[in-house]
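Asks: Need a 3D model of the sequence below.
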Amino acid sequence: MYNRKFNNANKMKSKNFSRRSPQFKKSGGFSSKSQRGENINPAKFINKAVVTKTLDNFVPEHKFQDFKVDQRLIQAVIAKGYKTPTPIQDQAIPHIINGSDIVGIANTGTGKTAAFLIPLINKIIRNPKEQILIITPTRELSIQIDQELKCFVRGMKIFSVCCVGGMNIGRQISELRYSCNVIIGTPGRLKDLINKKVINLSKFNTIVLDEADRMLDMGFINDTRLIMNGLPKERQVLFFSATISQEIEKIIKEFLRNPVRISVKTRETAENIEQDIIKIEQGNTKLNILNSLLGKEEFNKVLIFGRTKHGVEKLSKILYGNGFKVDSIHGNKNHAQRQRALGLFKENRIQILVATDVAARGLDIANVSHVINYDIPATYDDYIHRIGRTGRWNKQGMALTFID
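Replies: Numbering: from 1, shown residues only. Model prediction:
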């Protein structure tokens, strides 16, 4: 149990988890029930980090120079600081270059974005008329992919348009009137632009579905199905996610043809993330404990997850009133406000970002020291994605979950 000083929270160490334990009886079957109803055993929130990590011993089969891609792209990749391919990049890039459909399953933070961007940019270099559609569940992930793409193609006259809600649709329509090779967007906004006949799906021979499981969770699957049905029958589909379910398997069968399956995921959560729970004992509060934690030197870049938009905003204001440098991100904030908060956090100008699960997927924020689940996630998959914001690129991270 993390930090013994919090009202003897150490009494609930993982070795004591059993059906006979007082904690089991007290919690009503020893599972933490989220608002959406999934029971999650708190034992799943505990995991000692492994200092010697398996990916440290990974030896890629390829160097970036070995891939059959344009040398200008190789130089851009190396200039961005990528020295050797990650496992998902090492295995996926050759198959994408060969034109295969891909189902790529890998832990978050392992380089999935570059795994599809590198070969697709090369596809455009070889055929400047090539058009590619990338669909993501959130505007933040779309913007992040667009930024990474622009970094890779600087000076190559390859253009992209980011089409997401919360931004001026008129400006997006204007940008789409010019020649562009890549459109990146969220299902709802893409559907709006398709209905306005600004996007002609028949021109897209390549589509990427990134974090597709989240699209299912967020209710975007019908919009995604509409988009897929408008594409040419002869197409290349790249499907990437950190988790997979029976529902997702059905979608894979519906959307992809004889895909190459690539899985470099060895466990549900990264071994380099220390995971623990903090039991809120009678007489104490989550807020008191949180204030004590955030005052510690090692809590230098903290992402706190809450369940509701109202709760996240309220907690952010309380922490600000307590003297912390903090901002929030949730669905009630407009696009500019969300981007500003993310920018401040990425640039280390604030210590704390309080967020709903809108920040749980795909965002690559460097050096997050701690993820704190102030509210228990709705599902275990949500938990996996939340804590994946720390311990990225094999750095050590810490995830703490408050248990009432």
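
Asks: residue boundaries of the strands in the stretch 51-200 of the chain?
Replies: 102-105, 132-135, 160-163, 182-185 (DSSP state E, counting those that start in this stretch).

Asks: Out of these, the one nearest Tyr374 is which?
Replies: strand 102-105 (29.0 Å; C-beta to C-beta). (Each C-beta comes from the backbone N, C-alpha and C, glycine too.)

Asks: Of the strands of the stretch 51-200 of the chain, which is nearest Phe220?
Replies: Set against Phe220 and scored by C-beta to C-beta, these come closest in strand 132-135, at 8.4 Å.

Asks: Contacts for the closest one, please.
Replies: With contact meaning C-beta atoms under 8 Å, 6 or more residues apart in numbering, strand 132-135 is reached by 116, 120, 123-124, 142, 145, 181-187, 190, 201, 204, 206-210, 215, 224, 227, 231.

Asks: Sort out for me which of those are in helices.
Replies: Phe116, Leu120, Lys123, Ile124, Ser142, Ile145, Pro187, Leu190, Met215, Thr224, Ile227 (DSSP state H).

Asks: Farthest-apart pair in these, please.
Replies: Greatest spatial distance in the ones in helices among the contacts of strand 132-135: Ile124 and Met215, 24.5 Å, computed using C-beta to C-beta.

Asks: And the helices in the chain?
Replies: Shown for the chain, the helices assigned by DSSP H span residues 22-26, 71-79, 87-97, 112-126, 139-152, 169-176, 187-195, 212-217, 221-229, 246-255, 286-294, 309-321, 335-346, 380-387.

Asks: Let me see the mean pLDDT of the fourth one.
Replies: What that stands for is helix 112-126. What helix 112-126 shows for mean pLDDT is 96.

Asks: Can you list the neighbours in contact with it?
Replies: Contacts of helix 112-126 (C-beta under 8 Å, 6+ apart): 67-70, 72-73, 77, 82, 86, 88-89, 92-93, 96-97, 102, 104, 106, 130, 132, 134, 144-145, 148-149, 152-153, 156, 158, 181-182, 206, 208, 210, 238, 240, 242, 364.

Asks: List only buried entries from those.
Replies: Buried members of the contacts of helix 112-126, scored by 16 or more other C-beta atoms under 10 Å, are 67, 69, 72-73, 77, 82, 86, 88-89, 92-93, 96-97, 102, 104, 106, 130, 132, 134, 144-145, 149, 152-153, 156, 158, 181-182, 206, 208, 210, 238, 240, 242, 364.

Asks: Make a ChimeraX selection of the buried ones in the contacts of strand 132-135.
Replies: Burial among the contacts of strand 132-135 is assessed by 16+ other C-beta under 10 Å; the matching ChimeraX selection reads:
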select :116,120,123,124,142,145,181,182,183,184,185,186,187,190,201,204,206,207,208,209,210,215,224,227,231
